[in-house]
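Novice: give me a 3D structure for the following:
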Amino acid sequence: MKIEIWSDFVCPFCYIGKRRLEQALELFPEREHVSIEFKSFQLDPHATSYQGEDYFESLAKKFGSIERAREMTENIKKIATITGLDLHFDSAKPTNTYHAHRLAKYALTHNKNVAITEKLFEAHFTNAEDIGNVDTLIQIATDIGLKSDEVSAVLHDEANYSNEVQFDLDEAKQFNITGVPFFVFNRKLALSGAQYVNIFKQALQKAWEDEQ
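Specialist: Next up is the predicted model:
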């Protein structure tokens with residue numbers, strides 16, 4: 001059974017949804033027969049690279065005020081904590097995720113798509129790293145066992161894996177995906193949003209039974 005997940009590395013609910021799905025999989029008897037692939041999606045394809053901007057100031061452009069941004073992230077942080085995640089919005093660095101998505105596509109060719117996705121989420125939300133910075137991405141990649149010289153060559157040529165990222169973005173449009181995370185089970189069953197663990201359990205069971 002295959003699960004495809006459209007998500008973005010600066011999306012907190014994508015991180016929460018990832019963790020909840022993993023918790024559901026721990027309770028799923030057939031979990032060894034499940035494969036996961038993270039697909040590219042950009043919440044803001046026009047986002048600039050990190051220029052020292054405060055995270056809340058960045059969010060305020062979308063939600064109207066810094067106060068509203070702080071209120072929203074505080075609520076998200078509480079949800080994340082219950083899920084077992086430690087998010088630090090106050091030190092997060094707003095950036096463009098395009099290069100990170102190219103890196104994830106390269107990692108996929110080495111069966112490290114899920115591993116790099118976890119590391120990118122952690123880098124952005126917990127470790128206050130700039131995941132739009134090429135040097136930062138190279139370090140993250142080497143931390144999971146990818147070769148730094150190969151990763152550097154990939155990232156320094158924007159043509160590398162750009163088609164693969166664009167393919168995912170185009171598929172998202174075909175599926176009318178306007179928000180993430182978005183989970184597709186065997187191309188038959190879809191779930192949108194960071195659902196509760198029991199909802200993921202039900203989806204896993206239904207997708208498995210349909211497959212059989």
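
Novice: for stretch 84-94, output the C-alpha coordinates as PDB.
Specialist: Below are the C-alpha coordinates for stretch 84-94, written out as PDB (Å, rounded to 0.1, in the frame of the first residue of the first chain):
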ATOM      1  CA  GLY A  84       4.900  15.000  20.600                       C
ATOM      2  CA  LEU A  85       6.500  17.900  18.600                       C
ATOM      3  CA  ASP A  86       8.500  20.800  19.900                       C
ATOM      4  CA  LEU A  87       7.900  23.900  17.700                       C
ATOM      5  CA  HIS A  88       9.600  27.200  18.100                       C
ATOM      6  CA  PHE A  89       7.800  29.800  16.000                       C
ATOM      7  CA  ASP A  90       9.600  32.700  17.700                       C
ATOM      8  CA  SER A  91      12.900  31.700  16.200                       C
ATOM      9  CA  ALA A  92      11.700  30.100  12.900                       C
ATOM     10  CA  LYS A  93      13.100  31.600   9.700                       C
ATOM     11  CA  PRO A  94      10.600  32.300   6.900                       C
END
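
Novice: got the confidence number for residue 110?
Specialist: For residue 110, the pLDDT comes out at 98.

Novice: could you look up the SS state of it?
Specialist: Following DSSP: H, G, I helix; E, B strand; the rest coil, residue 110 is assigned to coil.

Novice: surely it and residue 144 touch.
Specialist: No. Between residue 110 and residue 144 there is no contact under Cβ atoms under 8 Å: 9.0 Å. For glycine as for every other residue, the C-beta is placed from the backbone atoms N, C-alpha and C.

Novice: list the contacts of stretch 118-136.
Specialist: 9-10, 12, 14-15, 18, 49-50, 85-89, 91-93, 95-100, 103-104, 137, 140, 143-144, 152, 155-156 (Cβ atoms under 8 Å, 6 or more residues apart in numbering).

Novice: give me the neighbour count for residue 44.
Specialist: Residue 44: 15 surrounding residues under other Cβ atoms under 10 Å.

Novice: A helix includes residue 49, no?
Specialist: No. Assessed by three-state DSSP, residue 49 does not belong to a helix; its assignment is coil.

Novice: show me what contacts it?
Specialist: Neighbour list for residue 49: 95, 96, 130, 132, 133 [criterion: Cβ under 8 Å, 6+ apart].

Novice: of those - the most surrounded one?
Specialist: Highest neighbour count within those, by other Cβ under 10 Å: residue 95, with 25 neighbours.

Novice: any idea how far residue 145 is from it?
Specialist: With distances taken as Cβ to Cβ, to the nearest Å, residue 95 is found 24 Å from residue 145.

Novice: same question for residue 207.
Specialist: 30 Å.

Novice: counting neighbours, go ahead and name the busier of these two.
Specialist: Ranked by neighbour count (other Cβ under 10 Å), residue 207 and residue 145 place residue 207 first, with 22 against 10.

Novice: output the lowest mean pLDDT helix or strand found in the protein.
Specialist: Within the chain, no helix or strand scores below helix 55-63, which has a mean of 91 by mean pLDDT, DSSP states H and E.

Novice: what does that helix contact?
Specialist: Outside helix 55-63, the residues that reach it (Cβ under 8 Å, 6+ apart) are 66, 68, 69, 70, 72, 73, 89, 90, 91, 92, 93, 94.
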